[in-house]
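Participant: sharing a sequence plus its predicted fold:
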Amino acid sequence: MTTILIVEDESDLRALLHLQLELDGYTVVGCETAERGLEILRGRPVDLVLLDAGLPGMTGYEMLRAVVHEPGLTDVPVIMLTGSRGIEDVAHAFRLGVQDHLAKPFRSQDLRARIAAALDRRAAAAGASA
């Protein structure tokens, strides 16, 4: 079963995403800090991360930097969720290695499509390297 990690400090949004993704058939793990998100990633298999950019303490950008440079995590796609639609924020996320970006508020159809695309790309990359 596909596991998605949600790292989001807004508890209402985290709960909504958790419910929606479980109804879509995913195993979902959620947390509110980047530090805890990294602990989860290091401790169990995760297929995709939904990562809020504006987290307290370690930011989502800092967590992203850690994920893309840590052996064993580099193939986990990350979709950045931000409250900003500024091109500089989006460009910064892509320079750091994010798979995709979605500005809040977003439609669930957009999120579902981006998750499916990221998981498909990951599966294709894994098949190509096998």
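Facilitator: Nice, thanks for sending it over. It should be emphasised that the depicted structure is a prediction, and the values quoted were computed from it without experimental measurement.
Participant: hey, which helix or strand in this structure has the poorest pLDDT?
Facilitator: helix 87-96 (a mean of 90; mean pLDDT, DSSP states H and E).
Participant: doesn't Gly30 fall inside a helix?
Facilitator: No. Counting by DSSP: H, G, I helix; E, B strand; the rest coil, one finds Gly30 to be strand, located in no helix.
Participant: ok, it - contacts?
Facilitator: Leu5, Ile6, Val7, Glu8, Arg14, Ala15, Leu17, His18 (C-beta atoms under 8 Å, 6 or more residues apart in numbering). For the C-beta atoms, the positions are set from N, CA and C on the backbone; glycine is no exception.
Participant: just flag the most distant two among those.
Facilitator: Across the contacts of Gly30, the longest distance by C-beta to C-beta is 14.7 Å; it joins Leu5 and Ala15.
Participant: those two: which has the busier surroundings?
Facilitator: Between Leu5 and Ala15, Leu5 has the larger neighbour count (other C-beta atoms under 10 Å), namely 22 against 13.
Participant: could you list the low-pLDDT ranges of this protein?
Facilitator: Low-confidence segments of the chain (pLDDT under 70): 130.
Participant: residue boundaries of the strands in it?
Facilitator: 3-7, 27-31, 48-52, 78-82, 100-103 (DSSP state E).
Participant: could you give the separation of the shortest one from the chain centroid?
Facilitator: Same thing as strand 100-103. Counting by C-alpha atoms, centre = their mean, to the nearest Å, strand 100-103 is centred 10 Å from the centre of its parent chain.
Participant: go on, stretch 55-67?
Facilitator: Stretch 55-67 has its C-alpha centroid displaced from the chain centroid by 11 Å (C-alpha atoms, centre = their mean).
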